[in-house]
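Asks: sequence first, predicted model second:
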Amino acid sequence: MQTALRTFSTTIKRSGDLRQPIATAKGVVPSAPGYQRIQQLQTEWASSPGLVWQKRGGVDKLSYYAILIVSTVGVGYGILNLYKMTFPPAPAE
């Protein structure tokens with residue numbers, strides 16, 4: 001049973017020994033490149049204060065303006081629907 005579970009497991013052991021006690025594992029970080037990139041990004045964001053929504057440059061500006069445009073269109077569409085419901089067209093005779 002144990003072998004079957006290990007064969008079909010989706011967890012990948014990348015580095016370090018998972019059997020190591022937590023008390024002695026303090027300060028040990030995974031050596032995967034993706035994890036290192038996340039750590040560098042966190043260090044960069046923590047070091048320089050500034051506009052949070054513009055820390056990554058163009059990517060953040062693009063998403064910020066896209067949200068503004070979509071929100072404006074949504075509010076305009078909502079107001080148009082309210083206007084149509086408030087003043088319905090006259091019934092055709």
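Replies: Looks like it arrived, so ask away. Numbering: from 1, shown residues only.
Asks: following the helix or strand of the chain with the lowest mean pLDDT, which helix or strand shows up next?
Replies: In the chain, no helix or strand scores lower on mean pLDDT, DSSP states H and E than helix 2-7, which sits at a mean of 56. Of the helices and strands lying after helix 2-7 in sequence (DSSP states H and E), the nearest is helix 33-47.
Asks: helices and strands around that next one, which ones?
Replies: Packed against helix 33-47 by the contact rule (3 or more CB pairs under 8 Å, 6 or more residues apart in numbering; DSSP states H and E) you find no helix or strand. Where you see a C-beta, it was placed from the backbone N, CA and C, and this is true even at glycine.
Asks: pLDDT of that helix, averaged?
Replies: Regarding helix 33-47, the rounded mean pLDDT is 83.
Asks: what does stretch 60-72 give?
Replies: On average, stretch 60-72 scores 93.
Asks: send over that stretch as PDB, restricted to the C-alpha atoms.
Replies: Provided in PDB are the C-alpha atoms of stretch 60-72 (Å, rounded to 0.1, in the frame of the first residue of the first chain):
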ATOM      1  CA  ASP A  60       1.400  46.900 -13.200                       C
ATOM      2  CA  LYS A  61       0.400  50.000 -15.200                       C
ATOM      3  CA  LEU A  62      -1.300  47.900 -17.900                       C
ATOM      4  CA  SER A  63      -3.300  46.000 -15.400                       C
ATOM      5  CA  TYR A  64      -4.200  49.100 -13.400                       C
ATOM      6  CA  TYR A  65      -5.500  51.000 -16.500                       C
ATOM      7  CA  ALA A  66      -7.300  47.900 -17.800                       C
ATOM      8  CA  ILE A  67      -9.200  47.700 -14.400                       C
ATOM      9  CA  LEU A  68     -10.000  51.400 -14.600                       C
ATOM     10  CA  ILE A  69     -11.400  51.000 -18.100                       C
ATOM     11  CA  VAL A  70     -13.400  47.900 -17.400                       C
ATOM     12  CA  SER A  71     -14.800  49.500 -14.200                       C
ATOM     13  CA  THR A  72     -15.800  52.600 -16.100                       C
END
